[in-house]
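K.L.:
Pasted the sequence and its predicted model underneath.
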Amino acid sequence: MNVLVLNCGSSSLKFQLVDSVTETRLARGVVERIGGQALCTYEPRHGEARKYAEPIRDHAGAIQRMMRWLVRAGVGADDLTGGGAGVIDSPGEVHAVGHRVVHGGESFRAHARIDAGVIREIEDCMDLAPLHNPANLSGIRAARALLGEGVPMVAVFDTAFHSTMPEASYLYALPYQLYRRHRIRRYGFHGTSHAWLAQRYAERAGKPGDAVDLITLHLGNGCSACAIRQGRSVATSMGFTPLEGLVMGTRCGDVDPSLVEHIALKEGLSLREMSTLLNKQSGLFGVSGLTNDMRELLDEEREHGDRRATLAIDLFVRRVRHYIGAYLAELGGAEAIVFSGGIGENAPEVRRRVCDGLGWLGIDLDPAKNAAVAPGTEGEVGMDGARIRLAVIPTDEERMIARETVAVLAQRPAQG
Ligand code: ADP
């Protein structure tokens with residue numbers, strides 16, 4: 001079964017065609033800057049990545065373009081049609097579509113097969129994710145129009161994995177009626193990634209998915225930590241929005257909320273400008289004054305001893321350690337800590353600093369193993385026999401969305 005995984009951002013489309021039986025990727029691609037001269041990359045499984053620049057008006061146009069790459073063209077195939085790098089013979093070989101949807105609110109505790117009712121409910125969640133859900137919805141509509149309603153489609157929600165958090169974990173200590181009236185609560189994000197990490201860890205450990213207690217760390221541009229008890233999320237660091245929690249590339253993570261009013265008054269900023277400051281000008285970028293990119297910060301520190309680069313990395317690492325401590329308390333100990341995301345997977349130096357001096361907790365990094373994990377591979381980086389295992393597992397949200405899509409479609413419809 002070929003599952004097309006679609007991830008629509010406000011001006012982007014990421015796609016991947018996955019053979020769900022063998023879990024192999026047949027092709028993938030990205031269309032950026034939709035609405036103008038778009039930058040497109042298409043990469044078939046066997047072959048070089050190809051880049052194109054061409055005007056693409058909207059998500060429908062991007063999905064149309066994607067299908068012209070994916071479907072093998074007949075006689076006269078030119079470079080525009082992917083130069084003959086198609087991977088299926090006809091659109092009919094797309095058997096199902098899995099859409100990433102950022103916010104499922106409280107309506108979706110599980111991923112859902114898309115029909116008119118599900119689309120209406122996703123629309124109802126719009127005010128919770130005004131930047132993301134409209135783009136996700138426009139991708140769903142365009143895909144249904146182009147591929148036809150006969151192709152089953154599933155909405156896979158970033159928030160669904162965290163729907164198992166207990167009330168005391170998801171509520172803020174605000175007036176309770178705000179939760180009743182406006183659904184103000186912690187939702188958590190990166191759920192597909194944390195779910196993948198828990199599943200992969202359990203598979204590697206040869207255990208059932210509901211038998212592992214873990215702390216998973218998704219450390220990319222966006223960063224979040226998750227406490228997982230018996231395979232289910234019980235706490236996570238992102239909150240009502242993806243702004244809360246860890247220090248990220250440009251997001252501040254946890255701050256005293258009184259700062260919002262104070263900074264706005266001192267700097268003469270509107271609420272919208274404050275939101276930009278906290279989301280786009282803070283984090284590693286804001287502290288270092290250099291970049292949001294961890295690799296560049298590590299280079300700056302090593303090559304030039306840049307003080308603010310070190311400070312940004314220190315803030316980042318302290319916050320991760322803070323959540324590890326909190327979640328060990330939450331879980332009453334964990335079997336393993338899993339590192340993932342661009343930083344978690346590729347920066348042994350950050351893993352070293354996160355684990356530094358935590359031997360008393362049973363967290364003991366093996367420096368040789370830590371240095372030896374090759375990019376894109378899984379590995380164990382803890383000392384043999386340490387109480388808490390330390391694993392590096394590359395995240396693979398697309399493969400997880402394909403898995404979830406197949407799982408939802410395999411469910412029998414509820415009996416009426
Ligand atoms: P996104 O959240 O956008 O998917 P990624 O998961 O790709 O982002 O993570 C991007 C982050 O990973 C950047 O801060 C980048 O510098 C960092 N990163 C990637 N490779 C390395 C590396 N080799 N060393 C240190 N940091 C790295």
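P.N.:
It's in.
K.L.:
Over to the most centrally placed residue in the chain: give its phi and psi.
P.N.:
The residue lying closest to the centre of the chain (Cα atoms, centre = their mean) is His190, at 4.1 Å. Recorded main-chain torsions at His190 are phi 60, psi 20, according to degrees, to the nearest 10.
K.L.:
so it touches Met238, yeah?
P.N.:
Yes: between His190 and Met238 there is a contact at 6.8 Å, judged by Cβ atoms under 8 Å. Heads up, the C-betas are built off the backbone N, CA and C, glycines and all.
K.L.:
what do these two both touch?
P.N.:
Both His190 and Met238 are contacted by Gly222, Ser224, under the criterion Cβ atoms under 8 Å, 6 or more residues apart in numbering.
K.L.:
Thr41 should be in a strand, yeah?
P.N.:
Yes: the assignment for Thr41 (DSSP: H, G, I helix; E, B strand; the rest coil) places it in a strand.
K.L.:
The helix ranked longest in the chain close to the ligand?
P.N.:
When the chain is parsed with DSSP state H, its longest helix is helix 307-331. No: if you take Cβ under 6 Å from any ligand atom as the test, helix 307-331 misses the ligand, and the best it gets is 9.6 Å.
K.L.:
quick one: buried residues of that helix?
P.N.:
For helix 307-331, burial by neighbour count (16 or more other Cβ atoms under 10 Å) applies to 309, 311-313, 315-317, 319-324, 327-328, 331.
K.L.:
Leaving out chain neighbours, which residue sits closest to the residue in the stretch 251-400 of the chain that the ligand sits nearest to?
P.N.:
Proximity of the stretch 251-400 of the chain to the ligand (Cβ to the nearest ligand atom) peaks at Gly342, 2.1 Å away. Nearest residue to Gly342, sequence neighbours excluded (Cβ to Cβ, 6 or more residues apart in numbering): Gly220, at 4.6 Å.
K.L.:
what sits against Arg399?
P.N.:
Contacts for Arg399 were tallied using Cβ under 8 Å, 6+ apart; they are Val18, Glu23, Arg25, Trp196.
K.L.:
Could you tell me which of the residues you listed belong to strands?
P.N.:
Val18, Arg25 (DSSP state E).
K.L.:
and which of the contacts of Arg399 is nearest to the ligand?
P.N.:
Proximity to the ligand was ranked across the contacts of Arg399 by Cβ to the nearest ligand atom; first place goes to Trp196, at 13.0 Å.
K.L.:
Please verify my assumption that Leu70 contacts Ala27.
P.N.:
Yes: Leu70 is within contact range of Ala27, at 6.0 Å (criterion: Cβ under 8 Å).
K.L.:
who touches both of the two?
P.N.:
Residues touching both Leu70 and Ala27 (Cβ under 8 Å, 6+ apart) are Leu17, Val87.
K.L.:
quick one: His162 from His132, how far?
P.N.:
Noted for His162: a distance of 16 Å to His132, by Cβ to Cβ, to the nearest Å.
K.L.:
if you count what's nearby, which of the two comes out ahead?
P.N.:
Between His162 and His132, counting by other Cβ atoms under 10 Å, His162 is the more crowded of the two (28 against 22).
K.L.:
helix/strand/coil for that one?
P.N.:
At His162 the chain is in helix, as set by three-state DSSP.
K.L.:
buried residues in the helix or strand harbouring Gln199?
P.N.:
Counting by DSSP states H and E, the element that carries Gln199 is helix 191-205. Buried residues in helix 191-205, counting neighbours by 16+ other Cβ under 10 Å, are found at 191-202, 204.
K.L.:
Stretch 7-16 too?
P.N.:
The neighbour-count check on stretch 7-16 (16+ other Cβ under 10 Å) flags Asn7, Cys8, Gly9, Ser11, Ser12, Leu13, Lys14, Phe15, Gln16 as buried.
K.L.:
Now, these that are in strands?
P.N.:
The members of these that map onto strands under DSSP E are Asn7, Cys8, Gly9, Ser12, Leu13, Lys14, Phe15, Gln16.
K.L.:
Format those residues as CSV; extra columns: distance to His182.
P.N.:
CSV is the format used below for these (distance: Cβ to Cβ, whole Å):
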residue, distance to His182
Asn7, 28
Cys8, 26
Gly9, 25
Ser12, 29
Leu13, 31
Lys14, 31
Phe15, 34
Gln16, 35
